[in-house]
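Engineer: Got a predicted structure here, sequence first:
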Amino acid sequence: MHPPRAAFLDFPLGHTAGRPDDREGQRAILAAALGAFEVLVEPGGVLTLPFSWSEDDAWKDTLATSVGDARGARDAAPQYQDEADRARAEAAMAAGGCPGCVFLEA
C-alpha cells in the first residue's frame with residue numbers, strides 16, 4: 001500500500017497506538033502522529049516516530065516464532081490465493097487499474 005503520507009511506529013503488530021494501559025505513552029504517540037501533518041508536505045512522505053518498544057530489537061526476533069509466523073522471505077513477484085484471484089488482478093491491470101484494488105470491483 002502507498003499512503004499519501006504516513007507516520008511509522010516500529011512496535012509489534014496490534015500495538016499501533018502504544019502499550020496497553022499506557023495512557024500517557026499513547027497520547028504522546030498520537031500527538032506525534034498528528035504532528036506529521038505539519039512536517040509531511042510531499043506525497044509519499046513517511047515520518048518515523050521517535051518511540052521504541054524496548055532498548056534493542058530483540059523483540060523482533062522472538063515475536064515471529066512466538067506467534068507461529070512461518071512465512072518465508074518476501075517475494076517481488078505478485079502472490080495470488082488462487083487462479084481466480086490471479087485472473088481478477090490481471091484483468092484489473094489490463095483495464096488500467098491496480099491489482100490491490102480488485103476487491104472494490106467485486
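Structural biologist: Arrived safely, thanks for sending. Numbering: from 1, shown residues only.
Engineer: drop to CA atoms for contacts and neighbour counts, all remaining ones
Structural biologist: Noted.
Engineer: What are the buried residues along the longest helix seen in the chain?
Structural biologist: Using DSSP state H, we find that the single longest helix of the chain is helix 23-39. Going by neighbour count (16 or more other Cα atoms under 10 Å), the buried part of helix 23-39 is 26, 29, 30, 32, 33, 36.
Engineer: Not counting its neighbours along the chain, what's nearest the fifth one?
Structural biologist: Leaving aside its sequence neighbours, residue 33 sits nearest to residue 7 (Cα to Cα, 6 or more residues apart in numbering; 5.7 Å).
Engineer: wait, is that neighbour part of a strand?
Structural biologist: Yes: counting by DSSP: H, G, I helix; E, B strand; the rest coil, residue 7 is part of a strand.
Engineer: chain center to the longest helix of the chain, what's the gap?
Structural biologist: 17 Å (Cα atoms, centre = their mean, to the nearest Å).
Engineer: got the contact list for it?
Structural biologist: With contact meaning Cα atoms under 8 Å, 6 or more residues apart in numbering, helix 23-39 is reached by 6, 7, 17, 18, 19, 47, 49, 51.
Engineer: Looking at those, which are in strands?
Structural biologist: 6, 7, 47 (DSSP state E).
Engineer: tell me the contacts of the last one?
Structural biologist: Same thing as residue 47. 6, 7, 8, 36, 40.
Engineer: try it again with 10 Å
Structural biologist: Counting by Cα atoms under 10 Å, 6 or more residues apart in numbering, residue 47 makes contact with 5, 6, 7, 8, 9, 32, 33, 35, 36, 37, 39, 40.
Engineer: what about the fourth one, neighbour count?
Structural biologist: It stands for residue 8. Residues within reach of residue 8, counting by other Cα atoms under 10 Å, total 14.
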